[in-house]
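Peer 1: Quick one: sequence and predicted model below, then my questions.
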Amino acid sequence: MPAESELRRLRVGSGFDLHPLSTDPGRRFVLAGVEVALSHGPMGHSDGDVVSHAIADAVLGAAGLGGIGDHFPASDPALAGADSVKLLARCVRMVTDAGFEILNADATVILQAPRLAPYRSAMEAKMTAVLGAPTCVKAKSPEGVGPLGKAEAVICTASLLLLAPRP
């Protein structure tokens, strides 16, 4: 078992993101950097990747560096259509440059359709590569309830564990 001083170096971050789904049939649907087959993707200033956004918030929050909007505001025209995996990679660099070590991440996507089982391993591999730590991506159905159940939106929650640098 780790010493008590080592346990005090653990930092937990949580993240959340929600995007309404577009009615534009040309809008790509990207989750965790993986394109998902659906006729329309999430609306957003960037590519709308809720998994990358939620994990970025968890990474930054665990290190006490705010959230993704603090570093990449939606008001910045240079970020229009941005690749969210690249933004996540920049968040990871900020945190690791500060001496933190990412230990693992866990994300849950909530959406009515499509089923994500065929994409999970690719999503996990992409997020694991970006974070340099094991990542689990799960999917839950809203069971037809509310706007999520009507396939009007997609949500992702994320948790992440960091090891802070030695004082």
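Peer 2: That came through fine. In this text, all values refer to a predicted model and were calculated from it rather than measured experimentally.

Peer 1: Can you show me the CA trace of stretch 64-73 as CSV?
Peer 2: Written as CSV, here are the backbone C-alpha positions of stretch 64-73 (Å, rounded to 0.1, in the frame of the first residue of the first chain):
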residue,chain,number,x,y,z
GLY,A,64,-6.5,23.0,-10.6
LEU,A,65,-6.2,24.7,-14.0
GLY,A,66,-9.8,25.5,-14.6
GLY,A,67,-11.8,24.1,-17.5
ILE,A,68,-11.6,23.8,-21.2
GLY,A,69,-13.5,27.1,-21.8
ASP,A,70,-10.9,29.0,-19.8
HIS,A,71,-8.2,27.9,-22.2
PHE,A,72,-10.2,27.5,-25.4
PRO,A,73,-13.2,29.9,-25.4
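
Peer 1: State the next helix or strand along the chain beyond the helix or strand hosting K86.
Peer 2: Assessed by DSSP states H and E, K86 sits inside helix 84-97. Downstream of helix 84-97, the first helix or strand assigned by DSSP H and E is strand 101-110.

Peer 1: Parallel or antiparallel, which strands does that following strand pair with?
Peer 2: Partners of strand 101-110 in the sheet, by DSSP bridges, are strand 135-140 (parallel), strand 153-163 (antiparallel).

Peer 1: out of these, which comes closest to G99?
Peer 2: Nearest to G99 among the strands paired with strand 101-110 is strand 153-163 (9.4 Å), distances taken as CB to CB. To be clear about C-beta, it is placed using only N, CA and C from the backbone, and glycine gets the same treatment.

Peer 1: got the CA positions of that closest one in PDB?
Peer 2: What follows is the C-alpha trace of strand 153-163 in PDB, where atoms were taken according to Å, rounded to 0.1, in the frame of the first residue of the first chain:
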ATOM      1  CA  ALA A 153     -28.500  15.800 -27.800                       C
ATOM      2  CA  VAL A 154     -25.400  13.900 -26.600                       C
ATOM      3  CA  ILE A 155     -23.800  14.100 -23.100                       C
ATOM      4  CA  CYS A 156     -20.500  12.800 -21.700                       C
ATOM      5  CA  THR A 157     -19.300  12.700 -18.100                       C
ATOM      6  CA  ALA A 158     -15.700  11.900 -17.300                       C
ATOM      7  CA  SER A 159     -13.500  11.200 -14.300                       C
ATOM      8  CA  LEU A 160      -9.700  11.300 -14.200                       C
ATOM      9  CA  LEU A 161      -7.000  10.500 -11.600                       C
ATOM     10  CA  LEU A 162      -3.700  12.500 -11.500                       C
ATOM     11  CA  LEU A 163      -0.700  12.100  -9.400                       C
END
